[in-house]
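K.L.:
Here is the input, now give the coordinates:
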Amino acid sequence: MIIGLCQMDMEWQDKELNKLKCHKFIKEAKEKQVDLLIFPEMTLTGFSMNAELISEDISIESETITWFRNKALEFQINIGFGLVQKKNSLYYNNLCIVSSKGSLLSSYSKIHPFSYGEEAKYYTGGESFVTTSIENINIGSTICYDLRFPELFQILSYNSDAIMVMANWPEARREHWITLLKARAIENQCYILGVNRVGLGNNIKYAGDSMIVSPLGEVLCHISSCEGLIYSNISKEQVESIRSKFPLKKDRKEHLYMQGYELNKKGDSV
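P.N.:
Numbers count the residues shown, from 1 in each chain. From the prediction side, this is the model:
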């Protein structure tokens, strides 16, 4: 299965201009025979806290989902993209995947809003783990700040061959992004699909560094600080082979980890 990552410089809060960019990359991805194309977080707006302005009602077929569904159908390609959705007066930073047949395969709400950047003041965290099956490969969904929470990746990796991380990760913490992507791949023995944005958004500089990392921590493809499409083949068989030869999961002591969490909550010594 060929995975494509689209590293974009998103126009700030301008959905129509960003649709033009997305169309160009979708067309290019189809020419490269990409099976699943993934865009950065909040694909058509950039990482905006203006939730009321950019959000779309989750109870109806939203403008953004409809647009990407139509493109998926037109180009016969699976697409992962980010948008803000409103439900019962609450706002969620979501990752959706539409199939090459035009169906909505999954929707994931970012579990960890970025409190350091005040995202948690405007967006509500999700409470569900989401894995999507595409061409017999299971792909877990995460967004940006989620990357800092290894427990989420451990849970997803039980049922995932790959985990996507769509982001708006600032250049100031570039080394964290690169290191954590590789670490999550090695820890979980799965592919990590990290797609970031570039350029300036709301006066914040983004370095990009989108990459696909193998289950052994090898960088299979990478793009640094410019717009562009990168792609690589991923293999379910490789994941299964690595996990079979080096069965890391069986040595985890999750019952002890849970006890440790509970003891720390109570203030007892571990």
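K.L.:
which stretches of the stretch 51-200 of the chain form strands?
P.N.:
In the stretch 51-200 of the chain, the strands defined using DSSP state E, counting those that start in this stretch lie at 56-57, 78-87, 90-98, 104-109, 131-134, 137-143, 162-166, 191-195, 198-201.
K.L.:
which one of the ones you listed lies closest to Gln33?
P.N.:
Closest of these to Gln33 is strand 78-87, at 12.4 Å (criterion: CB to CB). C-betas here are computed from N, CA, C, even on glycine.
K.L.:
got the buried residues for the closest one?
P.N.:
Neighbour-count burial for strand 78-87, counted by 16 or more other CB atoms under 10 Å, picks out Asn78, Ile79, Gly80, Phe81, Gly82, Leu83, Val84, Gln85, Lys86.
K.L.:
before we move on, back to that, distance to Lys24 and mean pLDDT added to the strands of the stretch 51-200 of the chain, as CSV?
P.N.:
Formatted as CSV, the entries for those read as follows, by distance: least, CB to CB, whole Å; pLDDT from 0 to 100:
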stretch, distance to Lys24, mean pLDDT
strand 56-57, 23, 94
strand 78-87, 14, 97
strand 90-98, 18, 98
strand 104-109, 23, 97
strand 131-134, 23, 98
strand 137-143, 24, 98
strand 162-166, 18, 98
strand 191-195, 16, 98
strand 198-201, 15, 96
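K.L.:
Format these as CSV; extra columns: distance to Arg173.
P.N.:
What follows is these, written out as CSV (distance: least, CB to CB, whole Å):
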stretch, distance to Arg173
strand 56-57, 29
strand 78-87, 19
strand 90-98, 18
strand 104-109, 23
strand 131-134, 27
strand 137-143, 16
strand 162-166, 14
strand 191-195, 13
strand 198-201, 15
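K.L.:
So for Phe246, which of the ones you listed sits nearest?
P.N.:
For those, distance to Phe246 was read as CB to CB. The smallest value, 15.8 Å, belongs to strand 191-195.
K.L.:
relative to strand 78-87, how tilted is the closest one?
P.N.:
The directions of strand 191-195 and strand 78-87 differ by 70 degrees, with axes from the mean of the first three to the mean of the last three CA atoms, to 10 degrees as the criterion.
K.L.:
Output strand 191-195 in PDB with nothing but the alpha carbons.
P.N.:
What follows is strand 191-195, C-alpha atoms only, in PDB (Å, rounded to 0.1, in the frame of the first residue of the first chain):
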ATOM      1  CA  TYR A 191       4.800   2.500  10.800                       C
ATOM      2  CA  ILE A 192       4.400   6.100  11.900                       C
ATOM      3  CA  LEU A 193       3.000   8.500   9.300                       C
ATOM      4  CA  GLY A 194       3.800  12.000  10.400                       C
ATOM      5  CA  VAL A 195       2.600  14.900   8.300                       C
END
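K.L.:
same for it, what does it pack against?
P.N.:
Counting contacts by 3 or more CB pairs under 8 Å, 6 or more residues apart in numbering; DSSP states H and E, strand 191-195 packs against strand 2-7, strand 162-166, helix 174-188, strand 210-213.
K.L.:
can you pull the pLDDT of the closest residue to Ser235 other than its chain neighbours?
P.N.:
Once its chain neighbours are removed from consideration, Ser235 has its nearest residue in Met1; the separation is 7.7 Å (CB to CB, 6 or more residues apart in numbering). In the predicted model, Met1 carries a pLDDT score of 97.
K.L.:
Go ahead and confirm Met1 touches Ile234.
P.N.:
Yes: taking contacts as CB atoms under 8 Å, Met1 lies within contact range of Ile234: 5.6 Å.
K.L.:
higher neighbour count, those two?
P.N.:
Ile234 (22 against 19; other CB atoms under 10 Å).
K.L.:
still on that earlier bit, quick check, nearest of the buried residues of strand 78-87 to Ser160?
P.N.:
Checking those against Ser160 by CB to CB gives Gly80 as the nearest, at 13.8 Å.
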